[in-house]
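Chemist: Sharing a model prediction with you, sequence too.
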Amino acid sequence: MMNRSHVEAALAAALATGGDFSELFFQDCVENNLSMTDGRIENAVTGRLCGAGIRVYKGLGSVYAYTNDTSYNGLMACARKAAQAVGEGACERQVRLGGSVAANISPVQKIPMYVPGARKAEILRAASAAAKSVSPEIRQVRVGMLDWDSSVTIANSDGLCVSDRRVYSRLLCSAVAANETENQTGAVNPGRQMGFELFETLVDPEECGRTAAKQAVTMLHADACPAGRMPVVIDGGFGGVIFHEACGHSLEATSVAFGNSEFAGKLGQQIASPVVTAIDDGTMPGEWGSLNVDDEGTPATRLVLIEKGILKNYMVDRLNGRRMGMAPTGSARRQDYTFAPTSRMRNTFIAPGEDDEAEIIATCGDGLYAKEMGGGSVNPVTGEFNFSVREGYLIRDGKIDRPVRGASLVGRGAEILPKIDRVGRKMWMAQGMCGSQSGSIPTNVGQPMIRVTDIIVGGR
Amino acid sequence: MELNLFIEKLFARAAEEGMDKCEVYYVDGSSFDVNVYKGEVVDYSVSDAAGLGFRALVDGKMGYASTQAFDEEAVELLVNAVKTNAALIESEDEQFLYDGHGEYAKLDLYDPAIDTVSAGDKIAYAREMEKRTLARDARVEQLQASEIFSESSKVRIVNTLGLDVSSSANVMGGCVGPVARDGEKASSAYRLFLAKGADFSDSEKAIEESVNEATAFLQAEPMPSGAWPVVFRRDAVRSLLSTFCGVFSADNAQKDLSLLKGREGEKIAAECVTLVDDPHMAGSVSSTPFDGEGVPTRRKELISEGVLTTLMHNLKTAKKQGVSSTGNAARASYASAVGIAPTNFYIAPGSASFEEVLAQAGEGVVVTQLQGLHAGANAISGDFSLGAKGYRIRGGKLDRAVKQFTVAGNFYQLLKDVETVGADLEFGMPGAARIGAPSLLVKGLTIAGE
């Protein structure tokens, strides 16, 4: 744990050359990674990530310095390095910290690091065996369990000092189906901010293994997806990656503050179809993207991004908030202490709508049904996004037809959002790791089934 | 605690627990990064951070643990975690520590000239780059990045079998990211460059190319769907290679995760394709005299004129297949287990200039950028279906930029379908690996656009 007087001294030293705000982020994190290939534990790795980062603002400029030396001398050296980069000059500053512990909205019953490895291995064995049993065409199964337990303290020159503990658990199942000449894959990767109890309650390891394996086998027998413009029905859960890429990133202050977003300056305007309401919610207990406090110490919020098609809010961190004249929204996140935080998504989803799922497909005519999505990416400046379909089917005359592989969807956010003409009633979420300026962080994507009237589908 | 003392205590404590075969992998790095926006420093980051990975053989099984804290508590955590983790391993694969025999190449990977450039000089240069980029074309409204970075790192591997090797490297460079605007239309591009010692003159080329690209896409035309001859420009080929380099890993092959399993000696690519991994390339921080297990590294051709000559091996996969390690053991970080990765990995250049490659294509499309490779490309199946940007080829010449389209194919098939290899070999930024490629002309691939 950090010594309070050391932190106060470092925060003051960081301001010694005229900075107007300083912040310290201390992290001590233990990670475990257990992986099984072909039914046998292949790797077991434990790691302790430990260090501190100091950030100084001067107006709209910021400096970040980090070190793994968290002794008094290490912190002071780090603070001086940051101060030196801010400028010259001498200011006497004193910092007095309060102190609090963030209220935990994601309680943990079984701390992962205290669960015997052999018990974790049982979960992996169950998932692996279930996947293997799906078909003789399953050539390889890889499963893994990741958990990390991160204690952080965030302190700043305004006197804020808050500690938080964040525990994450995740199961990774991937299967390869093969014939003589081809491989195809399937994957299911559920995670929560929970302890090991996750695998005894919400997540059924065997079900995960089977789902991944069935997907791989389905894709092995699928034809290539035809290419061209067509209507697309995107199912719930990971389908929400379309909103994450087509819109979410472009609503982060990281892009908006500099005008590098197609949605900059559009607050209050209609940017999506009236059937679309989208939310970024950091307050959902136990969820993968939830926060007690963000990485600047701001309490998490539930933020309506789009209400009935109208743009309501951006996701704002403290530094970009200065540039935009907006208050932070509890959205500042970072992978670990080696990154300065910035505005990022948390649990981001399209809210449930009023359309009947069966009707959505029945009235689609000929198109593509994207049952499971892969990941994607976006260029916020142009809004051009892309993402891949992990498990897709053709829709023929309003009926789900044969499976197709290798589909990808591309488009521009501002063009696609008004083309969402149906939003189903049942919303669910899925877990991903989102990579951006402040590193790779856990985020949820989600939506009910939606339909886009036309979009470019890549295939062969 | 000082490093040598820490290692001494760690090995002593491990020995008490019966672990006499153990190894430390230590990385110590520092970094500098500055980004300028409208003349002001908006981001500035400096770091010094070290980490240590510890592994040991217990009853033939290898356990791993790592730390960034170097105190008594860390010694206990490492020893206990390695012991516990080793006991969990069920894989029957034989595990090895290396004793340090053999010749290590003498590589000069640390350039003291880089250290002579002060933080102030770097900031001044980032400001100047921004000005030059803005001045180049009136449509360049602002920059997403005008950035200078430098990094240095030291790796040391010490084990109880007598291995004690270390290597230092540093690098400096920058990137420019112009945003061009014309009315409602916006477009962006991004280019990185490396300094040569303290000399930033390669920034000029990065500025020119990125501004040309950002402005060209303001007038992009739609790309008609269909099967077209495709020229993958050198940077797009690099993206494909870095995504699919894992298919050349013997570990993946042995686990049925690569379709190249058992294909050594067979023709797997067009005759014009030669693929090289050269850990001794000058001026690259991806070069190294020893690999992640401390084994001496060497240059090798993975594909020679279309024929698969070898996969990349570490000690474990080599033993399993009865061959020698190719010196491609890699640790993604001090915290990771030993895996396999390339070093400086490139397709050898052909003789056709980029213009000649375009002329051979006749009518078609040049792919300059591939998007979403982490999701739309699958290294296990070889399939890719990706968002892309590029230019039309008309009458054998580069024509208008085209709007976002998709390109789909299969990497294994693509290797066979290469018709021409360009002479324009260019390397990307050095990192864990450094990928290089010339432009390639490939037979018809399916394009989806308008």
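Modeler: That came through fine.
Chemist: ok, now which ones touch the one residue in the stretch 301-450 of chain A that gets nearest to chain B?
Modeler: Taking Cβ to the nearest Cβ, chain B has its nearest neighbour within the stretch 301-450 of chain A at A:Asn386, 3.0 Å off. Where C-beta positions appear, they are placed from N, C-alpha and C, glycine not excepted. Contact partners of A:Asn386, counting by Cβ atoms under 8 Å, 6 or more residues apart in numbering or on different chains, are A:245, A:376-378, A:408-410, B:371-372, B:376, B:386-387, B:404, B:406.
Chemist: Pull out the buried residues from those.
Modeler: A:245, A:376-378, A:408-410, B:371-372, B:376, B:386-387, B:404, B:406 (16 or more other Cβ atoms under 10 Å in any protein chain shown).
Chemist: Narrow these to those in strands?
Modeler: Judged by DSSP state E, the subset of the buried ones among the contacts of A:Asn386 located in strands is A:Gly376, A:Ser377, A:Val378, A:Ser408, A:Leu409, A:Val410, B:Gln371, B:Leu386, B:Gly387, B:Gln404, B:Thr406.
Chemist: hey, what's the fifth one bridged with?
Modeler: Under DSSP bridges, the beta-bridge partners of A:Leu409 are A:Phe387, A:Val457.
Chemist: That one contacts A:Gly458, correct?
Modeler: Yes - the pair A:Leu409 and A:Gly458 passes the contact test of Cβ atoms under 8 Å, sitting 7.3 Å apart.
Chemist: about what we covered before: tell me which two of the ones in strands among the buried ones among the contacts of A:Asn386 sit farthest apart.
Modeler: Taking Cβ to Cβ as the measure, these span a maximum distance of 15.0 Å, between A:Val378 and B:Thr406.
Chemist: Name the residues of the stretch 101-250 of chain A found near chain B, please.
Modeler: Taking Cβ under 8 Å from any Cβ of the partner chain as the measure of proximity, the stretch 101-250 of chain A contacts chain B at A:117-118, A:121, A:139-140, A:142, A:176, A:178, A:181-185, A:224-225, A:227-229.
Chemist: What are the neighbouring residues in contact with whichever residue of the stretch 151-300 of chain B sits closest to chain A?
Modeler: Here the stretch 151-300 of chain B gets closest to chain A at one residue, B:Ser188, 4.1 Å apart by Cβ to the nearest Cβ. Neighbouring residues of B:Ser188 by Cβ under 8 Å, 6+ apart: A:Asn260, A:Asn379, A:Val381, A:Thr382, B:Gln144, B:Gly177, B:Pro178, B:Val179, B:Ala180, B:Ala214.
Chemist: Quick check: closest non-adjacent residue to the second one.
Modeler: Closest residue to A:Asn379 apart from its sequence neighbours, by Cβ to Cβ, 6 or more residues apart in numbering or on different chains: B:Ser188 at 6.3 Å.
Chemist: per-residue pLDDT, that neighbour?
Modeler: Here, the pLDDT recorded for B:Ser188 equals 95.
Chemist: Please apply the same query to A:Met1.
Modeler: So A:Met1 comes in at 59 (pLDDT).
Chemist: swap in B:Glu184?
Modeler: 87.
Chemist: measure it to A:Arg170 for me?
Modeler: Counting by Cβ to Cβ, to the nearest Å, the gap from B:Glu184 to A:Arg170 is 42 Å.
Chemist: Likewise for A:Asp336?
Modeler: Distance from A:Asp336 to A:Arg170, by Cβ to Cβ: 16 Å.
Chemist: swap in A:Pro190?
Modeler: If you measure A:Pro190 against A:Arg170 using Cβ to Cβ, the figure is 7 Å.
Chemist: Could you give the number of residues near residue 93?
Modeler: You didn't pick a chain, so chain A it is. Number of residues near A:Arg93 (other Cβ atoms under 10 Å in any protein chain shown) recorded here: 15.
Chemist: That was the other one, I meant chain B.
Modeler: Neighbours of B:Asp93 using other Cβ under 10 Å come to 18.
Chemist: A:Leu24 now?
Modeler: Residues lying near A:Leu24 (other Cβ under 10 Å) number 27.
Chemist: ok, it - contacts?
Modeler: Here A:Leu24 is in contact with A:7, A:10-11, A:14, A:52-55, A:75, A:153-156 (Cβ under 8 Å, 6+ apart).
Chemist: ok, back up a step: nearest to B:Pro222 among the contacts of B:Ser188?
Modeler: Nearest member of the contacts of B:Ser188 to B:Pro222, counting by Cβ to Cβ, is A:Thr382, at 14.8 Å.
Chemist: how about that closest one, what does it touch?
Modeler: A:Glu262, A:Arg412, B:Ala186, B:Ser187, B:Ser188 are the contacts of A:Thr382 under Cβ under 8 Å, 6+ apart.
Chemist: which stretches of the chain have low pLDDT?
Modeler: Because you didn't say which chain, this covers chain A. Applying pLDDT under 70 to chain A flags residues A:1.
Chemist: I was thinking of chain B, sorry if that wasn't clear
Modeler: Applying pLDDT under 70 to chain B picks out no residues at all.
Chemist: Residue of it closest to chain A, please.
Modeler: B:Thr406 (2.5 Å).
Chemist: I'd guessed that residue sits against B:Lys389; true?
Modeler: No - here B:Thr406 does not reach B:Lys389: they are 10.8 Å apart, not a contact under Cβ under 8 Å.
Chemist: Contact partners for the closest residue to chain B within the stretch 101-250 of chain A?
Modeler: Taking Cβ to the nearest Cβ, chain B has its nearest neighbour within the stretch 101-250 of chain A at A:Ala227, 3.6 Å off. For A:Ala227, the contact set (Cβ under 8 Å, 6+ apart) comprises A:Val457, A:Gly458, A:Gly459, A:Arg460, B:Ser225, B:Thr406, B:Ala408, B:Thr446, B:Ile447, B:Ala448.
Chemist: quick one, strands of the stretch 301-450 of chain B?
Modeler: Using DSSP state E, counting those that start in this stretch, the strands of the stretch 301-450 of chain B run over B:307-308, B:329-330, B:339-340, B:344-347, B:364-371, B:383-394, B:397-410, B:418-421, B:426-427, B:434-437, B:440-448.
Chemist: what ranges do the helices span in the stretch 251-400 of chain A?
Modeler: A:253-256, A:318-324, A:357-362 (DSSP state H, counting those that start in this stretch).
Chemist: count of neighbours near B:Gly183?
Modeler: 6.
Chemist: wait, I meant B:Asp20
Modeler: B:Asp20, neighbours per other Cβ under 10 Å, totals 12.
Chemist: State the distance from it to B:Ala12.
Modeler: For B:Asp20, the distance to B:Ala12 - Cβ to Cβ - is 11 Å.
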